[in-house]
Each structure stands twice: as C-alpha cells, then as structure tokens.
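[1] dropping a prediction and its sequence here:
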Amino acid sequence: MARPRIGVSGPDKGGAGMWFFTALAIFLAGGRPVRLHPANPKQQVQLDGLIISGGADVAESLYEERGEHPLDDLDAAEPETVHYLIGLVWYPLVASLRWLLSSRKRTASGDTARDKLEYALLEQALDDDIPVLGICRGMQLLNVFLGGTLFKSITEFYMEEPQVRTILPQVLVRLEPGLRLQKVFQREKLRVNALHDQAVDDLGEGLCISAQELNGVVQAIEHIGREFVIGVQWHPEFLQQKKEQRRLFRAMVQAANACRIHREEEAREM
C-alpha cells in the first residue's frame, strides 16, 4: 500500500538535523516524508499531510504582541531503566546533530522566505482539509496564520522558577481532557523538552488550548472544527524513543492516509 506523503517545511540553509529526525519519525509511522523549503517548495507534489517544523522565531511583522497535580501517571508509564539506557545514546546523538546541522545561528532574526512559504502551505493544506501538525515555531506560525498573536519573550512566566531550555523531557505539561491531543497521547500529563523563546498569546480563530505548563505557558493547540490541525510547542521528533511521542506521528500519518484514500475514492467516482 502506498505511503501517504507528508510535507515537512524547513529553511533553505541548515535545518538538516530537524529534517532528519522528523523524516525518521514519519517513516517509522508509515508515511513518506517530503522536504519542502523556499528554494524547492515542490508545488507539483500532492500532499496528504503537512508538518510545519521548528526553527527560527516567527517574524514579528506577521503579528502584533498584545499584549498542584500529582505525577503518579508519569511515573507509571515510563520503563525507567530501558529509557535511561536508550537516553544515554539518544540525547547526545540528538544534541550533536542539532548543533552541527542547526540553522538557528544563521536565522536568529527570522526567515521571511520561509514564513511566506509556510503561509502558502498552510493555506493550501486547510483548503484541501489535510492534517496539519505544527512543531514549536510551526505551532506559533499556525496560530499567527489564523489571526493569533505571540509573546515575543516568555521570561516573565519564569520569575519564581528558572526557565528550562533542553532537549531532555524535563518540562511538565498538562493535557486538556477530552480533546484530540489527549486522546492521541492517552495521558493527562507529559514530560517534554523545551527549545523555544516565543509562545502563543491570543489564540487564532477556531483554535483552543490543548496543553499548558502549570505556569500558563501554552504548550499545544488544536483546531476545534477540523479533524486534525494540531500544534505542539515541544519537539516530539527529538523524543521519538518514547512511545507516547511516537503516537503523535502515528496519528498524523493515519489521518493523512485516510485523506489519501478518500481523495482516491472521489477520483474513481468522477
């Protein structure tokens, strides 16, 4: 059976580490990753799903800034010894490849060409009603695209406790019960990584918050009226050794495959 094509956006320069880990996660989930960047947007390719990946901060010109729970289910879900041993290899590998291949140092002030490409990709994806997953910057861009705003800095959220910036899953987030993301993870809480400087402020049209830190930083959003339009602030592609994070890519690929089959059935009936 043909694998659904999942477009993965990125910059022209750098971003290879992000692409590698995202593509790996898509492939392991049963999809076919397609790399998209401003110099080669592959407009001729029919996509079944779209991932807006992480990277440089969203350009400020695109928006205006306006602007006590137990951990028992976490402990129960993790086979600690196995994950500890895997982590000894996995996290240094991720950190090394990110440092070697990152585009962040080249695009710290924004990437206008990438913003334009991803706006076009989001417009087409929502018109085609295919699943969309925004990761970190991708979640922020999804929110801005739908009319929301961002906090340019999140330091004010961490006045009483230090802000954590790490590829390790050290940030506790709470998932809103009954929403799609909570159903995907089948959990009420998660430990995630944190590599972001901006965060969602006002929500875009049709979006709701599906996960937050205890201090109120938005960690995930999803569209109320669409089948699969989700954004996560963390980087699940760097945590795919954890089974709950692989569920997100599996759900994305399954939704994309359903879109592909539906489109093919409609074509045969015409």
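    Looks like it came in fine.

[2] confirm that residue 51 sits in a helix.
    No - if the criterion is DSSP: H, G, I helix; E, B strand; the rest coil, then residue 51 is strand and not within a helix.

[3] tell me which residues touch it, please.
    Taking C-beta atoms under 8 Å, 6 or more residues apart in numbering, we find residue 51 in contact with 6, 7, 8, 9, 22, 26, 132, 133, 134, 135, 138, 252. In this view, the C-beta of every residue, glycine as well, is placed from N, C-alpha and C.

[4] who's it bridged to?
    residue 8, residue 133 (DSSP bridges).

[5] how close does it sit to residue 227?
    Distance of residue 51 to residue 227, given as C-beta to C-beta, to the nearest Å: 16 Å.

[6] cool, residue 187 as well?
    Distance from residue 187 to residue 227, by C-beta to C-beta: 21 Å.

[7] now swap in residue 259 and tell me
    Distance from residue 259 to residue 227, by C-beta to C-beta: 9 Å.

[8] for residue 28, same thing?
    Counting by C-beta to C-beta, the separation of residue 28 from residue 227 is 23 Å.

[9] residue 257 too?
    With C-beta to C-beta as the criterion, residue 257 and residue 227 are 13 Å apart.

[10] swap in residue 33?
    Relative to residue 227, residue 33 is positioned 21 Å away (C-beta to C-beta).

[11] just residue 118 next, same as before
    Per C-beta to C-beta, residue 118 is found 21 Å from residue 227.

[12] more crowded one of those two?
    Using other C-beta atoms under 10 Å, the more surrounded residue of residue 118 and residue 227 is residue 118, with 28 against 12.

[13] that one: which element?
    Under the criterion of DSSP states H and E, residue 118 resides in helix 112-128.

[14] how far does that helix sit from its chain's centre?
    Between the centre of helix 112-128 and the centre of its chain there are 15 Å (C-alpha atoms, centre = their mean, to the nearest Å).

[15] tell me where the stretch 51-200 of the chain has helices.
    Per DSSP state H, counting those that start in this stretch, the stretch 51-200 of the chain carries helices over the ranges 72-77, 80-101, 112-128, 137-145, 180-185.

[16] of the ones you listed, which shows the lowest average pLDDT?
    Among the helices of the stretch 51-200 of the chain, helix 72-77 has the lowest mean pLDDT, at a mean of 46.
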